[in-house]
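1. What follows is a predicted structure for the sequence shown.
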Amino acid sequence: RNISQSNVSEPFHSIVDRTISSLLSFQQYHVRKQEQLRGKELTWLELQKYTNLLSLGYEFLSDAGKKVDARSCQNIPGVVCRHLNSTVSYIKEHKSFHLLHGLIGDSMMFELLKSCYILIPVKNNRCTNYIQLWGPPLR
């Protein structure tokens, strides 16, 4: 039984792609605004405030310029992929996230991807560690 199935009108992979585009827009806006205020480029550490693990490896075509290793992302217009983001591949393929999308709907899934930290447990013989899937990088 799927209570909120009526809230699902977009395929999960499309929500992920839309989230990546939104995160890039957010990052681009805030980085440019900060650089204009300061009159200089932000340091790598300062850039982390505006970064989400889901958007790593992606750039707007206008920012990528003539970089040789950038390739167009078919599902995200105007965006190029500089390198494979294994987190994006993992969540697009893992059925748990598709099921969650079916339960909470499009808008909640979009907000979850865009605004939250998600970590998954990885157990070994002695302890449980966590891998961050998305959100601003934890330090």
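-> Cool, the structure landed. Residues are numbered from 1 along each chain as shown.
2. quick one: Pro77 and Asn7, what's the gap?
-> According to C-beta to C-beta, to the nearest Å, Pro77 and Asn7 sit 25 Å apart. (Glycine included, C-beta is placed from N, CA and C.)
3. Tell me if Pro121 really is in a strand.
-> Yes. Secondary structure assignment (DSSP: H, G, I helix; E, B strand; the rest coil) places Pro121 inside a strand.
4. Compare Pro77 and Asn7 and say which is more crowded by neighbours.
-> Under the neighbour definition other C-beta atoms under 10 Å, Pro77 and Asn7 were set side by side, and Asn7 has more, 17 against 10.
5. Contacts only, for Asp106.
-> Applying C-beta atoms under 8 Å, 6 or more residues apart in numbering, one finds that Asp106 lies in contact with 7-10, 15.
6. redo that, cut-off 10 Å
-> Asp106 makes contact with 4, 7-12, 14-15, 18, according to C-beta atoms under 10 Å, 6 or more residues apart in numbering.
7. when you check those residues against the helices, which ones overlap?
-> Secondary structure defined by DSSP state H assigns 12, 14-15, 18 of the contacts of Asp106 to helices.
8. Any stretches of this structure with poor pLDDT?
-> Low-confidence regions of the chain, defined here as pLDDT under 70, cover residues 1-6, 63-72.
9. just the strands in it please.
-> If DSSP state E is used as the criterion, the strands of the chain fall at 58-60, 71-72, 79-81, 118-123, 128-134.
10. Adjacent strands (with direction) for the fourth one?
-> Which is strand 118-123. Based on DSSP bridges, the pairing partners of strand 118-123 within the sheet are strand 128-134 (antiparallel).
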